[in-house]
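Chemist: all I have is the shape, not the residue letters:
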């Protein structure tokens with residue numbers, strides 16, 4: 001009998017009773033702390049290893065769809081623009097998905113804690129598939145942009161729900177390993193998406209990048225839904241704070257627009273950007289005011305405090321920001337300094353995307369075996385900071401830069417599973433969806449903020465007349481390689497600073513014991 005198999009299948013009442021008798025209270029009822037402060041003790045899941053494997057495979061396919069649609073569209077944009085004779089609106093095909101997916105991440109996380117995982121995963125996948133169909137048959141650019149927004153609503157709900165379902169079926173001690181598997185899914189989507197999108201646009205039709213989501217989405221649901229009834233239930237029905245959810249989404253959309261448009265479409269000090277900043281501050285304050293007075297707020301402010309969650313969120317956010325910021329702007333460096341073609345520059349990004357998965361796998365295995373699991377993330381982020389600082393000493397041969405970049409990615413990857421599992425492990429089981437959605441929301445905001453900061457750094461270093469939107473070839477050819485090297489020293493320095501902040505945050509985070517079966521090497525210090 002393996003760790004996922006159980007003798008028989010107790011009823012819900014019997015399982016609840018056995019859980020309540022498993023630990024005898026040793027303090028008076030008046031001294032019992034609030035359950036929200038206690039680490040969750042994962043009950044035995046009545047699932048066989050085969051059922052867990054089926055659930056995880058379907059979750060990986062589901063997440064692959066959401067990850068793929070963030071990368072597959074980019075290479076097909078020129079073809080789409082030519083068909084619709086509208087190049088000026090192409091950026092909105094990407095922006096609409098990004099805005100929608102970021103805004104709804106905390107919403108779907110909270111709704112999964114209220115209505116359950118099955119209802120929310122069906123809703124998010126339905127929105128995603130319907131949005132994909134509408135994208136494929138869109139007759140013009142405005143309809144395509146609206147359909148991409150609908151698709152983003154579904155895609156933004158997939159990631160937090162998938163991570164929450166993992167938390168339902170495996171213990172906190174084991175989750176880090178599964179988080180590493182899903183990091184591999186993101187790597188595959190990041191590498192394969194642009195290639196697949198280019199092949200579809202060039203040899204078939206650009207609509208195939210959306211049609212492919214329909215059969216894959218149906219397959220993932222056919223695999224997952226029959227097993228959803230066997231997943232332990234931890235959600236708690238309560239009144240939905242729709243006003244709080246709307247305020248949170250509105251604030252997120254305005255912030256994302258500021259970070260997307262600032263310094264590109266509008267100057268940072270332009271009246272439009274300043275008005276949007278004021279609106280985002282007002283919406284955020286309104287959300288905080290409402291959440292502090294609501295009986296059951298959409299996102300409890302107390303959940304964002306404590307000695308675990310804020311530090312875990314900062315660590316994961318800094319890591320995500322550094323990774324995405326370099327992914328966006330390193331092609332400029334490759335093309336301007338090493339004179340690589342666009343396709344060669346894309347291949348040179350593979351170490352950053354691929355090696356981070358190995359870092360996540362190392363951290364996941366460490367969490368399953370070591371008592372002091374957070375030290376792997378502390379060490380990894382320190383290594384990442386050191387290698388980012390080393391990249392400032394340019395120029396250097398391309399092979400050396402790629403070695404340093406791989407080392408940077410290896411250290412950076414350790415932050416993701418440790419920060420995610422630590423945040424989940426610090427809240428009650430009925431709040432895991434909420435905290436997972438909030439964590440992904442903060443990471444997305446931090447990533448957009450970092451991209452904006454890196455853009456501002458390059459604008460200041462290379463001149464205000466440089467534009468980074470659209471194709472980079474003309475921009476790169478007009479910049480002297482020596483100037484590009486100097487500008488990216490500041491970018492690499494900013495990446496190093498982010499990783500230092502991530503390391504400090506992880507060091508300050510409380511290291512709570514992880515519930516789950518002990519491993520033979522658990523006594524490792």
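Modeler: Structure's in. What do you need? Here the structure is a predicted model, which means the values were calculated and not measured.

Chemist: isn't residue 485 right up against residue 391?
Modeler: No. Applying Cβ atoms under 8 Å as the test, residue 485 and residue 391 come out as separate, 10.7 Å apart. In this view, the C-beta of every residue, glycine as well, is placed from N, C-alpha and C.

Chemist: the two: which has the busier surroundings?
Modeler: residue 391 (23 against 16; other Cβ atoms under 10 Å).

Chemist: contacts only, for the residue lying closest to the more buried one once chain neighbours are set aside.
Modeler: Closest residue in space to residue 391, ignoring its immediate chain neighbours: residue 492 at 4.3 Å, by Cβ to Cβ, 6 or more residues apart in numbering. Applying Cβ atoms under 8 Å, 6 or more residues apart in numbering, we find residue 492 in contact with 388, 389, 391, 392.

Chemist: try it again with 10 Å
Modeler: Taking Cβ atoms under 10 Å, 6 or more residues apart in numbering, we find residue 492 in contact with 322, 326, 330, 333, 387-394, 404, 408.

Chemist: which residues in the stretch 151-300 of the chain form helices?
Modeler: Under the criterion DSSP state H, counting those that start in this stretch, helices of the stretch 151-300 of the chain are mapped to 172-203, 208-211, 213-228, 242-261, 271-293.

Chemist: of all those helices, which lies closest to residue 353?
Modeler: helix 172-203 (4.6 Å; Cβ to Cβ).

Chemist: surely residue 360 touches residue 412?
Modeler: Yes. Assessed by Cβ atoms under 10 Å, residue 360 is found in contact with residue 412 at 9.2 Å.

Chemist: more crowded one of the two?
Modeler: Comparing residue 360 with residue 412 by other Cβ under 10 Å, the one with more neighbours is residue 412, at 32 against 29.

Chemist: excluding chain neighbours, what is closest to that one?
Modeler: residue 384 (4.5 Å).

Chemist: how far away is that neighbour from residue 356?
Modeler: Distance, residue 384 to residue 356, using Cβ to Cβ, to the nearest Å: 10 Å.

Chemist: show me the helices in the stretch 351-500 of the chain, by range?
Modeler: Counting by DSSP H, counting those that start in this stretch, the stretch 351-500 of the chain has helices at residues 374-390, 398-413, 415-425, 432-462, 473-477, 481-508.

Chemist: among the ones you listed, which is nearest residue 249?
Modeler: Residue 249 lies closest, by Cβ to Cβ, to one member of these: helix 432-462, at 9.9 Å.

Chemist: return the distance of that closest one from the chain's centre.
Modeler: The gap between where helix 432-462 is centred and where its chain is centred comes out at 10 Å by Cα atoms, centre = their mean, to the nearest Å.

Chemist: how about stretch 60-69?
Modeler: Distance, stretch centre to chain centre, for stretch 60-69: 12 Å (Cα atoms, centre = their mean).

Chemist: now swap in stretch 390-401 and tell me
Modeler: Chain-centre distance of stretch 390-401: 29 Å, with Cα atoms, centre = their mean.

Chemist: contact partners of that stretch?
Modeler: Outside stretch 390-401, the residues that touch it by Cβ under 10 Å, 6+ apart are 326, 330, 333-334, 337-338, 340, 348, 351, 403-405, 407-408, 481-482, 484-486, 488-493, 495-496.

Chemist: out of those residues, which end up buried?
Modeler: For the contacts of stretch 390-401, a neighbour count by 16 or more other Cβ atoms under 10 Å gives the buried set as 326, 330, 333-334, 337, 340, 348, 351, 404-405, 407-408, 484-485, 488-489, 491-492, 495-496.

Chemist: any common contacting residues for residue 485 and residue 391?
Modeler: Contact criterion Cβ under 10 Å, 6+ apart; residues shared by residue 485 and residue 391: residue 333.

Chemist: tell me where the model's unsure across the stretch 301-450 of the chain.
Modeler: Judged against pLDDT under 70, the stretch 301-450 of the chain has no low-scoring part.
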